[in-house]
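Participant: using only what follows, build the 3D model:
(one chain, ligands or ions: 1)
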Amino acid sequence: MPARMALYYYDTCPFCIRVLRAASKLGVDLELRDIFQDRKHYMDLTSARGRATVPVLRYTDADGEDVWMPESADIIRFLEAGGAA
Ligand SMILES: N[C@@H](CCC(=O)N[C@@H](CS)C(=O)NCC(=O)O)C(=O)O
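Facilitator: Have a look, this model is predicted:
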């Protein structure tokens, strides 16, 4: 099971930085999973998504489903709307 909300990212990725800045501004606490610092995070991401593109937000929805959300703009909108309950 993932943490409430985990961000798959790497630190020089501009789209990831955009999400991290938004999360910080909103005071949202994300578990950070750097895909190049931890091989497991890379493998989990590529197994689930079939690609290594980041950022991807992972969370468990109200039905208990494991959700992998790509696209920085969608992630930011989701966080602004309150994120995972
Ligand atoms: N439209 C995507 C673009 C994401 C993107 O291009 N991410 C880059 C890093 S900043 C990446 O992961 N590139 C490597 C790849 O796609 O495998 C978003 O806004 O999140």
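Participant: in the helix or strand hosting Asp44, what's buried?
Facilitator: Per DSSP states H and E, Asp44 falls inside helix 39-49. Within helix 39-49, the residues scored as buried using 16 or more other C-beta atoms under 10 Å are His41, Tyr42, Asp44, Leu45. From N, CA and C alone the C-beta is placed, and that goes for glycine too.
Participant: using CSV, list the CA coordinates for that helix.
Facilitator: Extracted C-alpha coordinates of helix 39-49, given in CSV (Å, rounded to 0.1, in the frame of the first residue of the first chain):
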residue,chain,number,x,y,z
ARG,A,39,15.6,1.4,-7.8
LYS,A,40,12.4,0.0,-6.3
HIS,A,41,10.6,3.3,-7.0
TYR,A,42,11.8,3.1,-10.6
MET,A,43,10.6,-0.5,-11.0
ASP,A,44,7.3,0.2,-9.3
LEU,A,45,6.6,3.2,-11.5
THR,A,46,7.6,1.5,-14.8
SER,A,47,5.7,-1.7,-13.9
ALA,A,48,2.5,0.3,-13.2
ARG,A,49,2.8,2.8,-16.0
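Participant: counting contacts, what elements does that helix pack onto?
Facilitator: Identification of packing neighbours for helix 39-49 by 3 or more C-beta pairs under 8 Å, 6 or more residues apart in numbering; DSSP states H and E yields strand 5-9, strand 31-34, strand 56-60, strand 66-70.
Participant: please state the offset of the first one from the chain centre?
Facilitator: By that I understand strand 5-9. Distance, stretch centre to chain centre, for strand 5-9: 3 Å (C-alpha atoms, centre = their mean, to the nearest Å).
Participant: one more: stretch 44-54?
Facilitator: For stretch 44-54, the distance to the chain centre is 11 Å (C-alpha atoms, centre = their mean).
Participant: is that stretch positioned near the ligand?
Facilitator: Yes - with C-beta under 6 Å from any ligand atom as the criterion, the ligand is reached by stretch 44-54 at Arg51, Ala52, Thr53, Val54.
Participant: and the strand or helix carrying Ala23 with strand 5-9, angle?
Facilitator: In this assignment (DSSP H and E), Ala23 forms part of helix 14-26. Helix 14-26 and strand 5-9 are oriented at 150 degrees to each other (axes from the mean of the first three to the mean of the last three C-alpha atoms, to 10 degrees).
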